[in-house]
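Enquirer: sequence and predicted structure are below.
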Amino acid sequence: MARRREGRLVPLEVDILGAGIELQAEGDDVYGFALAKRIAERADAAALTAHGTLYKALGRLSDAGLLESRWEDASIAEEDGRPRRRLYRVTGAGEVALRAELAARRAEQAAAPKAALA
């Protein structure tokens, strides 16, 4: 598992925020299983992210204010004959954190070949 560096996002958190932003832009509900499916599609992966791993990361992102969450209306779930979903929304802070993390990764990649030549 990737180690957390202060003020940085781990790869799964980057994937969650990116997938959440995509789903929001498409007008889709953002809930755990939808995120897991989108992350797998983006990575062209055969398996979904493990349930416990995904929900722990969602909790960390919510605690950090990068996601907001709420329970969907019980009547919607009842109508569909399924349990209620916890719905997520990437906050403005989440969008900023994702952009900052991606920029930091690009900068690290750009600096890597220069460091090897020095």
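Expert: Good, I have the coordinates.
Enquirer: residues contacting stretch 16-34, please?
Expert: For stretch 16-34, the external contacting residues (CB atoms under 8 Å, 6 or more residues apart in numbering) are 9, 35, 38-39, 42, 51, 54-55, 57-58, 61, 66-67, 72, 85-90, 94-95, 97-98. The C-beta positions use only the backbone N, C-alpha and C, and glycine is treated the same way.
Enquirer: buried set for that stretch?
Expert: Buried residues in stretch 16-34, defined by neighbour count with 16 or more other CB atoms under 10 Å: 16-23, 30-32, 34.
Enquirer: which of these sits closest to R5?
Expert: Nearest to R5 among the buried residues of stretch 16-34 is L17, at 16.6 Å by CB to CB.
Enquirer: what helix or strand is the closest one on?
Expert: Using DSSP states H and E, L17 maps to helix 11-25.
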